[in-house]
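A.B. asks: give me a model of this one.
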Amino acid sequence: MKNKLIKGLVATAVLAALAGCNDDETVTTTQGTTTSETTTSVITTDVEVPVTPTPTYATCAEAGDACTTFTVLHTNDNHGRFWENSKGEYGMAARKTLIDQIRAEVEADGGETILLSGGDVNTGVPESDLQDAVPDFIGMNLIGYDAMAVGNHEFDNALSVVEMQRELADFPMLAANIYDRSTGKRYFDPYKIFTVNGLRIAVIGLTTEGTATLGNPEFISGLQFTDPKVEIKKVIKEIQDAKTADLIFATTHMGHYEDGEHGSNTPGDVALARAVTEGDLQAVIGGHSQNPVCMKDGSYDEDFAPGGDCAPDQQNGTYIMQAHEWGKYVGRADFEYFNGKLQLASYALVPVNLKKKLKDAEGNSYYELYQDAITPDAQVLDILTPYQEKGEAGLSEVIATTAVKLDGDRAVVRVQQTNLGHLLATAQTDKVSADIGVMNSGGVRADIEVGDISYKDVLTVQPFGNTITKNTMTGAEISTYLGEVASFQIGSGAYAQLTGVKMSVDCEAKTVAITDINGKGYDAAASYSVTVPSYNAAGGDGYPALTSSVMTGYVDAEVLYTYLKAKSSIAAGDYAPVASDVVYNNSLSAAGCQLAAAE
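C.D. replies: Residues are numbered from 1 along each chain as shown. Down below sits the predicted model:
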């Protein structure tokens, strides 16, 4: 560098000398070249103008004003939980207080916030379901959400309800990969650009393509769900070509599956992050799998507990985050942007009045908060109280009692046969005098605890309002049908709870060998009847569509209600599955089909 600067000074001196030799001479200079109009001599030299390099900083604090800070707050899979539960956990009023506290803290430190939802606002709690999630969207407005991904459960209702919710929301519902078949246009906005503390952040919405099978076919037949991995590349290119954003995020409802091993589920956020060019997508704020995405050495952190340390996943340079479900947590990601790069300064899943179950010296159970209590926001409480009271009306009726816990938690019912799964299937076959009961585990939404069973419990367990179908088939046709249905892998909502049949299942070949149907033996040519929820009979969850189904007119929750009311009590051992009735072969699990993950 020193020698080059000396050469530049020499060149300057030569020019001055030439000018001094003849004042009448005209001297023209170009970079590296000196010419005189009165001479044929050409002097060429390298001239370097010193350029001050852009400084590189080691930390945001060192960068000072050259560092921009902002915070992403996020929740997902609200599923109707606008109100706190019976133990005083979560609820939108407490969520509002917490988010306002974080916003104030961030702003005091010179940052700004953006609040995103990973979708599935609908379905799960009777008080919300009976009101088409109106209180949930009102609560989100009051809290101040900036955008949400469209979840598959947004299509549990007719599109007229979806349109009502879209009109009600003060924020955009985003989905780049949902198209209207009639027009060929996207049904929702694909993305929105937000200015957060001076940075332009594009937020792309994406919905699991599995909605095509998870959604009610009656409501979604006019929509097309394309591959998010393909769609996001189109949208990223559009944003980059327009130069309208500094950073690109995605809010998704696709699910997080460790190392991308999604089993029977459609590919999720890990596959999405791996599909894009590294550096194009800074973060994914997800939902759908309803798990707290806290990682340790590339796997889920089994030691994570509310209030504990949580590290999000990172794939192909993209951060992936998910805040469990129901508003139990508010995810908080504090970002720093300097040196032209995004850094995650800190991350936490902040519990919203979550409590741990303890026992005192006498063995009595009690609950204790993991962290300091969050006082519910008074305005949110005041506005949502009438909706809660309206929803509660008539739901407190006790219709039966149970001496045993009925297992319907998704972590249990989707991986093994359970007493509640068999109770539901039995209630349906009993109602229409059918031989075999098929109940998809995704349609079982909660446990029923020991004690009184209320109408609210019924609606919580079965919130979808599916009609029971009765299907008459030959033994051979049933074998073919169950060969597909019984082979769905554990862990997905398609996993089938089965009653009235004894058989072995070859999980690799997807075939069954039936030995008995409802105590009648088995004859390939004989006729038998099968109950299947209308959702699955129409092809939901990837089930084979049953074109000859008889719509009985009986709704699943009402069937369960009348069955329990007539029975009045459930004793221990009732509906307990018999392992020998359905035997799974060529599987990693004895409780259902579990094959090695595909490469």
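
A.B. asks: which residues touch residue 334?
C.D. replies: 69, 71, 106, 111, 344, 345, 346, 347 (Cβ atoms under 8 Å, 6 or more residues apart in numbering). Any C-beta I mention is one placed from the backbone N, CA and C, and that applies to glycine too.

A.B. asks: out of those residues, which are inside helices?
C.D. replies: The helices, defined by DSSP state H, take in residue 106 from the contacts of residue 334.

A.B. asks: pLDDT weak spots in the stretch 251-400 of the chain?
C.D. replies: Within the stretch 251-400 of the chain, the segments meeting pLDDT under 70 span 264.

A.B. asks: make that the chain, sorry
C.D. replies: In the chain (pLDDT under 70), the answer is 1-52, 264, 597-599.

A.B. asks: can I see the domain layout of it?
C.D. replies: 2-44, 70-386, 394-585 (automatic domain parsing).

A.B. asks: please state the offset of stretch 345-355 from the chain centre?
C.D. replies: Distance of stretch 345-355 from the chain centroid (Cα atoms, centre = their mean, to the nearest Å) equals 18 Å.

A.B. asks: buried ones in that stretch, by neighbour count?
C.D. replies: 347, 348, 349, 350, 351, 352, 353, 354, 355 (16 or more other Cβ atoms under 10 Å).

A.B. asks: relative to residue 594, which of the domains of the chain is closest?
C.D. replies: Across the domains of the chain, residue 594 has its closest neighbour in domain 394-585 (5.2 Å, Cβ to Cβ).

A.B. asks: hang on, the earlier thing: between the contacts of residue 334, which sits nearest residue 289?
C.D. replies: residue 347 (18.1 Å).

A.B. asks: now the closest one: how far from residue 215?
C.D. replies: 32 Å (Cβ to Cβ, to the nearest Å).

A.B. asks: dump the domains of the chain to a markdown table, plus distance to residue 596.
C.D. replies: What follows is the domains of the chain, written out as a markdown table (distance: least, Cβ to Cβ, whole Å):
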| stretch | distance to residue 596 |
| --- | --- |
| domain 2-44 | 63 |
| domain 70-386 | 9 |
| domain 394-585 | 10 |
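
A.B. asks: could you check how far residue 409 is from residue 289?
C.D. replies: For residue 409, the distance to residue 289 - Cβ to Cβ - is 15 Å.

A.B. asks: ok, the two, which is more surrounded?
C.D. replies: Applying other Cβ atoms under 10 Å to residue 409 and residue 289 shows that residue 289 carries more neighbours, namely 24 against 14.

A.B. asks: determine which residue lies closest to the centroid of the chain.
C.D. replies: residue 287 (1.5 Å; Cα atoms, centre = their mean).

A.B. asks: doesn't it belong to a helix?
C.D. replies: No - looking at residue 287 with DSSP: H, G, I helix; E, B strand; the rest coil, it is coil, so not inside a helix.

A.B. asks: show me the contacts for it.
C.D. replies: 76-77, 117-120, 149, 151, 252-255, 322.

A.B. asks: recalculate using a threshold of 10 Å.
C.D. replies: 74-78, 116-120, 148-149, 151-152, 207-208, 251-256, 268-269, 322-325 (Cβ atoms under 10 Å, 6 or more residues apart in numbering).

A.B. asks: tell me what residue 349 is bridged to.
C.D. replies: residue 331 (DSSP bridges).

A.B. asks: OK, contacts around it?
C.D. replies: 74, 292-294, 304, 306-310, 312, 321-324, 328-332.

A.B. asks: mark which of the residues you listed are buried, thanks.
C.D. replies: 74, 292-294, 304, 306-307, 310, 312, 321-324, 328-332.
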